[in-house]
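Colleague: generate coordinates for the sequence data below:
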Amino acid sequence: MGLALALQYLHAKPSDLSIEPESITINVPSGETFTLPTIRYLSENLGRSVPTIFNIPWFGGKHWETMYDWPAHLQPLQHMSMNVVADISLTQRKILANNVSVDTAAATIIEALSVVADIKQIDFSLPKQLAPDDSKTRSEIVERFLKNVKLAEVDMSPQKDDPGGWAVVRAIQSMQNFDRERIRLEQQLVDQRSTLNRTVRGKAVLIGWTATGHQDAVPTSLHAQCPGVVAHGAIFNAIISRHFWTVAPRWITIAFTIALGWVTAVIAWKFSPLGAFCITSVFGLSYVVLNGLYFFDHLNLLVGLAAPQVAMGGVWAGCSLARIVIETQERARVTKRFRSYVDPTLVNYVMEREDDLRLAGETRELTVCFSDMAGFTALSEKLGEDIVPILNEYLSRMVPIIRGQGGYVNKFLGDGIMYFFGAPYPTEHHAEQAIETAILMQQAVIQFNNDYLAPRGLPSVKVRIGINTGNMVVGDAGAHDAADYTVLGDTVNFASRLESGNKQLGTLILMSARTAELAGDRFLLRPIGALQVVGKTEGVMTYSLTGYVADADAKDRRLVDLTKTMVDRFRAKDFPAATEAADAMDAEFGESTLAGLYRNLCKFYTDNPPADPFDGKIVFTEK
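Modeller: From the prediction side, this is the model:
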């Protein structure tokens, strides 16, 4: 319909059209030729592709009434209500009704005044063929009548019960008002026709329904519902104004899709997911601006918008996901590898605090331990390089025990292990954890001897452990790029001396008084004595672990009592009593290094009485 109306407007005929699969060319009689771009549409009714569908170039805002108010699109222009035509028709009907009223009034007056002599002298007869719309002739007759009839003789105030008299009065009033009403209506008709003429002159007019809810309404790219007649008008307007939308070749959209996809891939690979998202969004927005302002608004070219945007979003999401997966796998690989060098506790602690590149040193009360394999030197001399699998097996059994009790394995010292409790994750029971770990390690070394060394014909080994609790500095130590999370201080050194002191005292687990104090009443401890290690000037009371109180028998308690008596008597300078307790211990439990040490010390101080005050410390001259 829009095309047909345009042909009429351009004084062209359907035969002036040249229809091709992708376009329609109009050959205007004036000699102008222009082409309407069309698109193919799959018709469900026809079951085939129809190549004569037109891309309607919509414009304006969301209200179709204001689409022709360019550029503001605020006022309803180029749309007119049918009331302007109906009003003209209504005015014409009023003029006819006014003429009929004159005809009726004239007949009434003639009949009523037939008895008046002067009426016969007036030419008041109406032509039989007077046209219904001939207001001019009626105006002349009315003028002549009103001029010659003696209205004074007419009773203008008849009685109420005189209907005939009142009919004459109304007829006379109608004739008196005729000209005034005729002039008003005729001028109104002229004005209405003039307004309509000015509005539609030189324009094509489409008439259709615009009522809300009417069936002739369609959705458009700008409007939820638009009258069908407005759509035909938009098509006609596009043809007359030569304003068309042309669909760009598919390769242009494909090229943009591939190019922006590759750009997004590079961005996603070079930057973090968030940074890549921001940069990709800028590229996507730039393409929207280029597509909308240049291709569409300036060139009237329809280039695909969704495909490049979807490609960018899909590539960004895919690359970001792939990068996250790859980085996660690599991080897991590195973490797994890292865990073999560094205690997992520290790894987890650092992972939870990625922003803390360094763990600043701080002073805290912790429990630090040193363990050493007794008999390792002999094994090493015997086996040579074959000692490595044995050492690995030993450590693989000890390390899980330490970590299982919450300990942090700091470093391996050949066959020895340095570990501590209470850091990096703080705990109040670090001393108890250290003692329980020592017990489990002693049990594990027995199992190690039975099921690993003995079947290979190798001698048994023991594990000596030194435990000390006190304030120490914990944190990163070393260069900025080569730091080690460890503990430092005199407390740490003393724990190392306690481990080596086991050999001289004949004990396996030696701990400081502070560790024994925090151990509580769960463990059965033997007092060993005040030790003065190398580098120290004062003695520190130490204890050896016997086992759990709940598992101790009378023999264990007897050993503790004899040891306590020996140590207490020695510190009280009662050397004979201390010697007696040492002899009793050897008699009941067999000769021991500790009893022999105290026996020798008692003999020495008996021969060389010590000066007061005597603190009863045992001085170690070797590390």
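
Colleague: for Asn237, give me the pLDDT.
Modeller: pLDDT recorded at Asn237 is 91.

Colleague: what do you get for Lys336?
Modeller: For Lys336, the model assigns a pLDDT of 69.

Colleague: alpha carbons of stretch 226-234, as CSV, please.
Modeller: Taking C-alpha atoms only, stretch 226-234 is exported to CSV below (Å, rounded to 0.1, in the frame of the first residue of the first chain):
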residue,chain,number,x,y,z
CYS,A,226,1.7,1.0,16.3
PRO,A,227,-1.3,1.5,14.0
GLY,A,228,-0.9,-0.2,10.7
VAL,A,229,-1.7,2.9,8.8
VAL,A,230,1.3,4.6,10.5
ALA,A,231,3.5,1.7,9.2
HIS,A,232,2.2,2.3,5.6
GLY,A,233,3.0,6.0,6.1
ALA,A,234,6.5,5.3,7.2
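
Colleague: and that stretch, how far out from the chain's middle?
Modeller: Averaging C-alpha positions (CA atoms, centre = their mean, to the nearest Å) puts stretch 226-234 42 Å from its chain's average.

Colleague: let the chain start at 642 from now.
Modeller: Fine by me, first position is 642 from now on; the one you just mentioned is stretch 867-875.

Colleague: name the residues that touch that stretch?
Modeller: 642-643, 646, 697-699, 705, 708, 719-720, 847-851, 855, 857-861 (CB atoms under 8 Å, 6 or more residues apart in numbering). The C-beta positions use only the backbone N, C-alpha and C, and glycine is treated the same way.

Colleague: among those, name the buried ones.
Modeller: 643, 646, 697-699, 705, 708, 851, 858 (16 or more other CB atoms under 10 Å).

Colleague: could you dump these into a markdown table with secondary structure added?
Modeller: Shown next, in a markdown table, are the buried ones among the contacts of stretch 867-875 (DSSP: H, G, I helix; E, B strand; the rest coil):
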| residue | secondary structure |
| --- | --- |
| Gly643 | helix |
| Leu646 | helix |
| Ile697 | coil |
| Pro698 | coil |
| Trp699 | coil |
| Trp705 | helix |
| Met708 | coil |
| Thr851 | coil |
| Ala858 | strand |
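
Colleague: just flag the most distant two among those.
Modeller: Using CB to CB, the buried ones among the contacts of stretch 867-875 reach their maximum pairwise distance at Pro698 and Thr851, which is 20.7 Å.

Colleague: excluding chain neighbours, what is closest to Gly1055?
Modeller: Of all residues not flanking Gly1055 in the chain, Phe1017 sits nearest, at 7.6 Å (CB to CB, 6 or more residues apart in numbering).

Colleague: closest to Thr1156 among the buried ones among the contacts of stretch 867-875?
Modeller: Of all these, Thr1156 sits closest to Trp699, with 86.1 Å by CB to CB.

Colleague: would you confirm that the closest one contacts Leu863?
Modeller: Yes. Between Trp699 and Leu863 there is a contact under CB atoms under 8 Å: 5.0 Å.

Colleague: which residues touch stretch 1072-1083?
Modeller: Counting by CB under 8 Å, 6+ apart, residues outside stretch 1072-1083 touching it are 1008, 1010, 1012, 1039, 1042-1043, 1046-1048, 1062, 1068, 1104, 1106, 1108, 1110, 1149-1150, 1152, 1155-1156, 1159-1161, 1163-1164, 1186, 1188-1189.

Colleague: rerun at 6 Å
Modeller: Stretch 1072-1083 has contacts (CB atoms under 6 Å, 6 or more residues apart in numbering) with 1008, 1010, 1039, 1042-1043, 1046-1048, 1062, 1104, 1106, 1108, 1110, 1150, 1156, 1159-1160, 1164.

Colleague: pLDDT on that stretch, on average?
Modeller: On average, stretch 1072-1083 scores 95.
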